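S.K.: Take a look and give me a structure for this.
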Amino acid sequence: MQSWFADDATAAGSLRKLRAWWSILVERGCWYGYDINAAKSILLVKPGHHQLATELFADCGVDIRTEGCRHLGAGLGSPQFCRDYVSRKVEDWRGEIHVLASFASTQPQAAYAALTHGLCHKWSFLARTMPSIADLLEPLEQEIRIILVPAL
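M.R.: Below is the predicted model of the structure:
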């Protein structure tokens, strides 16, 4: 199975079928203007399949991972990888909340607009694409309640 979003391709299946798909993509992609960059390509496999993946894709230059990776803005992989991914995002957003709070007292409408038209969309996207992360978003909610809202 494969899907495309602009020039990002995603495929799933057995390793042998993925290897065949990769070969066809490398061979025919240039005909359609698709330039393969193996260094930016990631093959995410279960730990038990890492050895076979390494053998099958040895000459491709593809980055083979077992823990996880970012995919179209969401974390994909082991539960621990996904939790770590969300935690890093939350820490970044907490920093952005501090920036908004720093100018909220003098420019409350600008800070509110940045919050509702920018930052909130990032959080809602992550909440839609990654299940069971409500507890990981709690520090962000506290930051908004304790730091940003009083500054507005």
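S.K.: Would you mark the buried spots in stretch 66-79?
M.R.: 66, 68, 75-77 (16 or more other C-beta atoms under 10 Å). (Glycine included, C-beta is placed from N, CA and C.)
S.K.: oh sorry, the question was meant for stretch 129-148
M.R.: 130, 133, 136-137, 140, 143-144, 147-148.
S.K.: Likewise for stretch 25-40?
M.R.: Taking 16+ other C-beta under 10 Å as the criterion, stretch 25-40 shows 25, 36 as buried.
S.K.: Give me the subset of the buried residues of stretch 129-148 that lies in helices.
M.R.: The members of those that map onto helices under DSSP state H are 136-137, 140, 143.
S.K.: got JSON lines for those, with distance to N37 and pLDDT too?
M.R.: Shown next, in JSON lines, are these (distance: C-beta to C-beta, whole Å; pLDDT from 0 to 100):
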{"residue": "L136", "distance to N37": "32", "pLDDT": "95"}
{"residue": "L137", "distance to N37": "34", "pLDDT": "94"}
{"residue": "L140", "distance to N37": "34", "pLDDT": "93"}
{"residue": "E143", "distance to N37": "37", "pLDDT": "92"}
